[in-house]
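In: need a 3D model of the sequence below.
(chains A and B)
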Amino acid sequence: GDSVTQMEGPVTLSEEAFLTINCTYTATGYPSLFWYVQYPGEGLQLLLKATKADDKGSNKGFEATYRKETTSFHLEKGSVQVSDSAVYFCALSGTQGAQKLVFGQGTRLTINP
Amino acid sequence: ETGVTQTPRHLVMGMTNKKSLKCEQHLGHNAMYWYKQSAKKPLELMFVYNFKEQTENNSVPSRFSPECPNSSHLFLHLHTLQPEDSALYLCASSQDSPGAGNTIYFGEGSWLTVV
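Out: Predicted coordinates for the structure are as follows:
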């Protein structure tokens, strides 16, 4: 079945560092890919998404490119801030749509000033 | 503000109590979900409703009883819970249509503590 694998956390960086959180997937067909973020004490919010190969999703300085050849959707940000501290979830939805959304295990990110 | 509102945000209940979690979505979606998020465990899908009809129950114990009176409202009725049921319960909604690309929108969650 479909699955998502994220790099294990926790990840701790200093402010203004470059961020990469790896995400790879296994799926049949052409899934859509998502990154969700969960700030402390809150629910999940959609950060960005890409619906076809080579699409780049971007939001709030974060980017991720849908790479079909490597089945990856790595999250990147050039200069992180303390306010980016959160848990980040990679997810995919396959041909059955949102009702079969598959989440990775989440990566906790802490940014130190 | 995601358009999905959950109440209460925090709930403490005894094992013999009966309580309910409420979710309302203002997005015009026709699919609604309950997820459970426990510490150190992956996000777990509990129930899915499409056009008020339950379409998925992920082997959830009967002490959790969902109710969907219309496409905008979803409840999770709780009774005789166990301490291990303490978790963050997330409601979500999406537009139901075939194919990939539909986005799920989450509420802020209800923190449940069973004592």
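In: list the contacts for residue A:69?
Out: Residue A:69 sits next to no residue when contact means C-beta atoms under 8 Å, 6 or more residues apart in numbering or on different chains. C-betas here are computed from N, CA, C, even on glycine.
In: can you tell me how far it is from residue A:1?
Out: Per C-beta to C-beta, to the nearest Å, residue A:69 is found 22 Å from residue A:1.
In: can you list the residues of chain B near chain A?
Out: B:2, B:4, B:6, B:31, B:33, B:42-43, B:45, B:48, B:50, B:55-56, B:88, B:90, B:92, B:94-109 (C-beta under 8 Å from any C-beta of the partner chain).
In: from the residues you listed, keep the buried residues only.
Out: Buried subset of these (neighbour count, 16 or more other C-beta atoms under 10 Å in any protein chain shown): B:2, B:4, B:6, B:31, B:33, B:43, B:45, B:48, B:50, B:88, B:90, B:92, B:94-96, B:100-109.
In: please flag which of these sit within strands.
Out: If you go by DSSP state E, these have B:4, B:6, B:31, B:33, B:45, B:48, B:50, B:88, B:90, B:92, B:94, B:105-106 in strands.
In: now render the residues you listed as JSON lines, adding pLDDT.
Out: JSON lines is the format used below for those (pLDDT from 0 to 100):
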{"residue": "B:4", "pLDDT": "95"}
{"residue": "B:6", "pLDDT": "97"}
{"residue": "B:31", "pLDDT": "89"}
{"residue": "B:33", "pLDDT": "93"}
{"residue": "B:45", "pLDDT": "89"}
{"residue": "B:48", "pLDDT": "90"}
{"residue": "B:50", "pLDDT": "86"}
{"residue": "B:88", "pLDDT": "94"}
{"residue": "B:90", "pLDDT": "95"}
{"residue": "B:92", "pLDDT": "93"}
{"residue": "B:94", "pLDDT": "88"}
{"residue": "B:105", "pLDDT": "90"}
{"residue": "B:106", "pLDDT": "93"}
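In: quick check: residues of chain A near chain B?
Out: Taking C-beta under 8 Å from any C-beta as the contact definition, chain A meets chain B at A:29-32, A:34, A:36, A:42-46, A:49, A:51, A:89, A:93-95, A:97-99, A:101, A:103-106.
In: just the buried members of these?
Out: For those, buried by 16+ other C-beta under 10 Å: A:31-32, A:34, A:36, A:43-46, A:49, A:51, A:89, A:93-94, A:97-99, A:101, A:103-106.
In: can you name the next helix or strand after the worst-scoring helix or strand of chain A on mean pLDDT?
Out: Lowest on mean pLDDT, DSSP states H and E among the helices and strands of chain A sits strand A:102-103, with a mean of 88. The helix or strand immediately downstream of strand A:102-103 is strand A:107-112, counting by DSSP states H and E.
In: let's test this: mean pLDDT of that next one, rounded?
Out: The pLDDT scores in strand A:107-112 average 96.
In: list the residues that contact residue B:95.
Out: For residue B:95, the contact set (C-beta under 8 Å, 6+ apart) comprises A:98, B:27, B:28, B:29, B:30, B:31, B:102.
In: quick one: the last one from residue A:110, how far?
Out: In this structure, residue B:102 and residue A:110 are separated by 32 Å, where distance is defined by C-beta to C-beta.
In: also the third one?
Out: Separation of residue B:28 from residue A:110 (C-beta to C-beta): 37 Å.
In: and these two? which has more neighbours close in?
Out: residue A:110 (13 against 10; other C-beta atoms under 10 Å in any protein chain shown).
In: who does the more buried one bridge with?
Out: residue A:12 (DSSP bridges).
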